[in-house]
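> Quick check, what structure comes out for this input:
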Amino acid sequence: MNIRKLFGTKFIALTLAATCAAGAAVSASAQSISELTKKGKITIGVVSGTPPFGSVDAKGVPIGYDVDVANLIGKYLGLPVEIVPLVPPARIPALESGKVDMLAATLAPTPERAKAVLFTMPYSGFELSIVGPVGSNFKKLDDLVKKKVGVSRGSTNDTALTRLAPAGTVLVRFEDDSTVTQALLSNQVDAISIPNTMATEIVKTRGQGKIEVKFPYSVQPNSMTVRKGSYELREWLNNFIYYVKLNGELDAISRKWSGPLPNLPVF
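Have a look, this model is predicted:
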């Protein structure tokens, strides 16, 4: 029997497309520890262009707080880790599409994001700060009125300032914190909002005598993130976070990259 004649080329093409789509859906489904073990590795998305949490060294190798945490996860799972650097707007899409198994990518657990993914208890945290030119008069949020303030698109800096900045503040959105910083150094914006830990590093390495941290205005705890339905993996990660906080390994990573581990909330 000639299936092509019986059903037609278009029908077959649509069937194949549906089959491929179903396969993609399976690859991005909820995951268990046993499934990761069977796969033989865990793929972890980390944030890129945001030192000290994620950047690359002179050889192009990902480094930073999140990279060290990701590798520690692999150690306790007994699995090799594949690191996938992601810009902030790509983090949740990469998780939902199956490009990564989970995220350790400085992602704040918000009610809106929790509609799409599952969050662990926080494993890191930092202040959000306004950074501006040395000598500029930025002491509080009201001083940002009629000023151009750079933020990383879709980040907590973006959502926090959208919510807290006074009317008249002009938010200018860029793709990542590295681009945001360059915008300030090249005078495209009057100030920027970035994590305080990152701001300190940037001032030291790129902006000494040019830019400085003006004031903190909010606090961001960060959670690891898994796909909807991956309850077993989330519970394992919660246990992991509790354990490495207790034995000092997480504090050691924090001190290596930024300073003592802050007092992190739990839920």
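
> Please make it C-alpha for all contacts and neighbour counts, starting now.
Fine.

> For stretch 199-207, give me every contacting residue.
Pro51, Pro52, Ser129, Val131, Leu185, Lys210, Ile211, Glu212, Val213 (Cα atoms under 8 Å, 6 or more residues apart in numbering).

> of those, closest to Pro93?
Lowest distance from Pro93 to these (Cα to Cα) belongs to Pro51, with 21.9 Å.

> mind checking pLDDT for the closest one?
pLDDT for Pro51: 84.

> From what I see, it and Ile194 are in contact.
No. Contact criterion Cα atoms under 8 Å: Pro51 and Ile194 do not qualify, at 10.6 Å.

> where along the protein do the strands fall?
With DSSP state E as the criterion, the chain has strands at 42-47, 55-56, 62-63, 81-86, 102-107, 117-133, 148-152, 170-174, 191-195, 211-227.

> if I look at the closest residue to Ala160 other than its chain neighbours, how far off is Arg163?
Leaving aside its chain neighbours, Ala160 sits nearest to Ser218 (7.6 Å; criterion: Cα to Cα, 6 or more residues apart in numbering). The gap separating Ser218 from Arg163 is 11 Å, by Cα to Cα, to the nearest Å.

> Could you pull up phi and psi at Pro166?
phi -70, psi 160 (degrees, to the nearest 10).

> centroid residue for this structure?
Geometric centre of the chain, nearest residue: Ala105, 3.1 Å, by Cα atoms, centre = their mean.

> quick one: the helices in this protein?
3-7, 9-27, 33-39, 65-77, 91-97, 156-164, 177-185, 196-205, 231-246, 249-257 (DSSP state H).

> Same list, those, but as a markdown table with distance to Asn137 please.
Below are these laid out as a markdown table (distance: least, Cα to Cα, whole Å):
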| stretch | distance to Asn137 |
| --- | --- |
| helix 3-7 | 72 |
| helix 9-27 | 52 |
| helix 33-39 | 52 |
| helix 65-77 | 32 |
| helix 91-97 | 35 |
| helix 156-164 | 18 |
| helix 177-185 | 15 |
| helix 196-205 | 17 |
| helix 231-246 | 39 |
| helix 249-257 | 30 |
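
> what's the closest of those to Pro109?
Closest among the helices of the chain, using Cα to Cα: helix 156-164, at 9.7 Å.

> Which positions in the closest one come out as buried?
Thr156, Asn157, Asp158, Ala160, Leu161 (16 or more other Cα atoms under 10 Å).
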